[in-house]
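> coordinates for the following, if possible.
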Amino acid sequence: AKAFDKVDHTILVSKLLCYGVSEPLLSWISSYLKERSLVVKIGPTTSSPFSPTSGVPQGSLLGPCLFNVFVNDLLDEVAVEALQFADDLKIFTTVSSPEDSKKIQDSLSAVEDWCIRNNMSVNP
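Residues are numbered from 1 along each chain as shown. Below is the predicted model:
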């Protein structure tokens, strides 16, 4: 669930543009993400309303789709087997040589680099 909260709106809109999403739809999605107002309540204390700069709405129909668009290029970075479901990713391979070990280490490093470029973090 934390991954959905960390989706950077600017990066997401940029990715949507690269995938060929039309300007009117891109404008609508950007508004949908950025024109929301949130408050935080801890006990009896409530924060002032603020507009989020990251995150896709959880529990919405569009949120998971936007998250999938955001992480769509992650598997391009991985040189071994990978399984992804929502915000869970598993990478694996059979290690029978030093080259196989290097391949999986390189893939782990590539995931870390992707996370840095996309303002995300690995949560083991």
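> quick one: contacts for the residue nearest to residue 110 when sequence neighbours are not counted?
Leaving aside its sequence neighbours, residue 110 sits nearest to residue 77 (C-beta to C-beta, 6 or more residues apart in numbering; 4.0 Å). For every residue, glycine as well, the C-beta is placed using N, CA and C. Residues in contact with residue 77 (C-beta atoms under 8 Å, 6 or more residues apart in numbering) are 107, 110-111, 113-114.
> tabulate those residues (CSV), appending pLDDT and distance to residue 23.
Listed next are the contacts of residue 77 as CSV, based on pLDDT from 0 to 100; distance: C-beta to C-beta, whole Å:
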residue, pLDDT, distance to residue 23
107, 94, 36
110, 95, 32
111, 94, 32
113, 96, 31
114, 96, 27
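> restricted to helices, list those.
107, 110-111, 113-114 (DSSP state H).
> and those residues, which are buried?
107, 110-111, 114 (16 or more other C-beta atoms under 10 Å).
> please enumerate the helices of the chain.
Under DSSP H, the chain gives helices at 2-5, 9-18, 23-34, 62-71, 98-117.
> those: which one's closest to residue 49?
With C-beta to C-beta as the measure, helix 23-34 is the member of those nearest residue 49 (13.6 Å).
> show me which positions of that closest one end up buried.
26, 29, 32-33.
> about what we covered before: out of the buried ones among the ones in helices among the contacts of residue 77, the closest to residue 20 would be?
residue 114 (21.5 Å).
> give the contact list for that closest one.
Counting by C-beta under 8 Å, 6+ apart, residue 114 touches 73-74, 77, 120.
> any chance of a PyMOL selection covering the buried ones in these?
The PyMOL command for the buried members of these (criterion: 16+ other C-beta under 10 Å) is given here:
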select buried, resi 74+77+120
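> distance to residue 45 for the contacts of residue 114 - can I get that in TSV?
TSV is the format used below for the contacts of residue 114 (distance: C-beta to C-beta, whole Å):
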residue	distance to residue 45
73	40
74	38
77	42
120	30
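> want to throw the contacts of residue 114 into TSV with pLDDT?
Output for the contacts of residue 114, formatted as TSV (pLDDT from 0 to 100):
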residue	pLDDT
73	94
74	93
77	90
120	94
